[in-house]
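Colleague: here is my input, please return the structure:
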Amino acid sequence: MTASTRRTVLSLYMRVLRIARSWQAPSGVKGDTETERNYILQEACTLFRQNQQLTDQESIQRSIEECEARIEIGLHYRNPYPRPTYLPPLGLATQKGRKLKAQQRLRKQAKPLYLQSYDET
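Modeller: As a prediction, the model looks like this:
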């Protein structure tokens, strides 16, 4: 990891921590605010530690872009939770042969940038 990349990652982490500190739930309920703040901190800690061992510049850059996208989406919609993804047409194929492989490929292609860290469930 280069020095500039390290600086970028650390500044993103600090930005997430600052957002969590100043986060206010749209409902205005103190319990909701605390729950969402804890979620932001826990999610940031989990994802940054998960990506800590990345060495490939391309994968590091993808992770940085994902983090920036999630920050912007969270601030815009005032919702810290990831937005749902929708299956492409014919997304619920039968569990047989080639059609399943094609559907898995389509699901992977349809996954938005801000959810690349999440595995298929």
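Colleague: give the buried residues for the helix or strand encompassing residue 76.
Modeller: Using DSSP states H and E, residue 76 maps to helix 57-77. Of the residues in helix 57-77, 60, 62-63, 66-67, 70-71, 73-74 count as buried by neighbour count, 16 or more other Cβ atoms under 10 Å. Every residue, glycine included, has its C-beta placed from N, CA and C.
Colleague: quick one: contacts of it?
Modeller: 1-2, 5, 8-9, 12, 15-16, 19, 40, 47, 51, 54, 80, 82-83, 112-117 (Cβ atoms under 8 Å, 6 or more residues apart in numbering).
Colleague: give me the below-cutoff pLDDT ranges for the chain.
Modeller: 84-100, 107, 110, 113, 118-121 (pLDDT under 70).
Colleague: how about the helices in it?
Modeller: 3-22, 30-50, 57-77, 97-110 (DSSP state H).
Colleague: in the first one, which residues are buried?
Modeller: Right, helix 3-22. Buried residues in helix 3-22 (16+ other Cβ under 10 Å): 8-9, 12, 16, 19-20.
Colleague: what is the orientation angle of the helix holding residue 76 with helix 3-22?
Modeller: Using axes from the mean of the first three to the mean of the last three Cα atoms, to 10 degrees, one finds that helix 57-77 and helix 3-22 are set 20 degrees apart in direction.
Colleague: just the CA coordinates for helix 57-77, please, in PDB.
Modeller: What follows is helix 57-77 as a C-alpha-only set of coordinates in PDB (Å, rounded to 0.1, in the frame of the first residue of the first chain):
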ATOM      1  CA  GLN A  57      -4.100  -1.800  -5.800                       C
ATOM      2  CA  GLU A  58      -7.200  -2.500  -7.800                       C
ATOM      3  CA  SER A  59      -9.100  -4.200  -5.000                       C
ATOM      4  CA  ILE A  60      -8.000  -1.500  -2.600                       C
ATOM      5  CA  GLN A  61      -9.300   1.100  -5.000                       C
ATOM      6  CA  ARG A  62     -12.600  -0.800  -5.300                       C
ATOM      7  CA  SER A  63     -12.900  -0.900  -1.500                       C
ATOM      8  CA  ILE A  64     -12.300   2.800  -1.300                       C
ATOM      9  CA  GLU A  65     -14.900   3.600  -3.900                       C
ATOM     10  CA  GLU A  66     -17.400   1.300  -2.100                       C
ATOM     11  CA  CYS A  67     -16.800   3.200   1.200                       C
ATOM     12  CA  GLU A  68     -17.200   6.500  -0.500                       C
ATOM     13  CA  ALA A  69     -20.400   5.400  -2.100                       C
ATOM     14  CA  ARG A  70     -21.900   4.000   1.100                       C
ATOM     15  CA  ILE A  71     -21.000   7.300   2.900                       C
ATOM     16  CA  GLU A  72     -22.700   9.400   0.300                       C
ATOM     17  CA  ILE A  73     -25.800   7.100   0.100                       C
ATOM     18  CA  GLY A  74     -26.100   7.000   3.900                       C
ATOM     19  CA  LEU A  75     -25.900  10.800   4.200                       C
ATOM     20  CA  HIS A  76     -28.200  11.500   1.300                       C
ATOM     21  CA  TYR A  77     -31.000   9.100   2.500                       C
END
